[in-house]
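In: 3D, please:
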Amino acid sequence: MSAHIAAIYHLPFFYQAKGRSASQSGVDMFPYVLGMVFANVGTGIAVRKIGRYWQFMISGPIIGAVGAGLLYTINADTSNAKLIGYQIITGFGIGNTFQAPSKLFILCLTL
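Out: Numbers count the residues shown, from 1 in each chain. Reported below is the predicted structural model:
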C-alpha cells in the first residue's frame, strides 16, 4: 500500500513540474491506474480458478519494485513512452498484489 501511495502522490507532482496542469497530471496517471485495474481483475480471476495466491503475493512486489526502480530513473528529459511503460509496469505489480490478500480472505471464509 505504501508503494501505491508513493506513486499516486509523487507522479502528479512530477507531471506538474514538467508544466502540466493538475487536471492534466491526473490524466497522465491513467496508464498506472489501467495497469493496476488489469492486474487486479486478472489476479482475482486467476486466484478464483487456480485457488492459489502465493504466486501473486511473491511476483507482484517483484514486478512493482522493478517498475518503481524504473520510475526512480526518470527526469525532465524522459520520453512519454518510457513514462507510460514504467507506470504500467509499476501499476501491474502493485495491482497484482492488491487482489491476492482479499481473495485469500474470501477463500478462508468459504472453507
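
In: list the buried ones in the helix or strand that contains residue 38?
Out: Using DSSP states H and E, residue 38 falls within helix 30-50. Using 16 or more other Cβ atoms under 10 Å as the test for burial, helix 30-50 gives 31, 32, 33, 34, 35, 36, 39, 40, 43, 44, 46, 47. Every C-beta, even on glycine, is put in place using the N, C-alpha and C of the backbone.

In: Next: stretch 10-30.
Out: By 16+ other Cβ under 10 Å, the buried positions in stretch 10-30 come out as 11, 12, 14, 15, 18, 25, 28, 29.

In: what kind of secondary structure is residue 77 in?
Out: Under DSSP: H, G, I helix; E, B strand; the rest coil, the three-state class of residue 77 is coil.

In: rewinding a little: quick one: which of the buried residues of helix 30-50 is nearest residue 58?
Out: Of all these, residue 58 sits closest to residue 43, with 12.3 Å by Cβ to Cβ.

In: Please determine how far the closest one is located from residue 84.
Out: As for residue 43, its distance to residue 84 is 22 Å (criterion: Cβ to Cβ, to the nearest Å).

In: hmm, who's touching the helix holding residue 38?
Out: 4, 7-8, 11, 53, 56, 60, 83-84, 87-96, 98-100, 103-104, 107 (Cβ atoms under 8 Å, 6 or more residues apart in numbering).

In: List buried members of the residues you listed by neighbour count.
Out: Buried among those (16+ other Cβ under 10 Å): 4, 7, 11, 53, 56, 60, 83-84, 87-96, 98-100, 103-104.

In: neighbours around residue 51, how many?
Out: 9 (other Cβ atoms under 10 Å).

In: returning to that earlier point: now, the buried residues of stretch 10-30 that are in helices?
Out: Judged by DSSP state H, the buried residues of stretch 10-30 include 11, 12, 14, 15, 25, 28 as members of helices.

In: just curious, which of those is nearest to residue 76?
Out: Using Cβ to Cβ, those come closest to residue 76 at residue 14, 8.9 Å.

In: Give me the neighbour count for residue 63.
Out: A count of neighbours around residue 63, defined by other Cβ under 10 Å, yields 21.

In: Distance check, it against residue 77.
Out: 25 Å.

In: Please consider this matter closed, and thank you.
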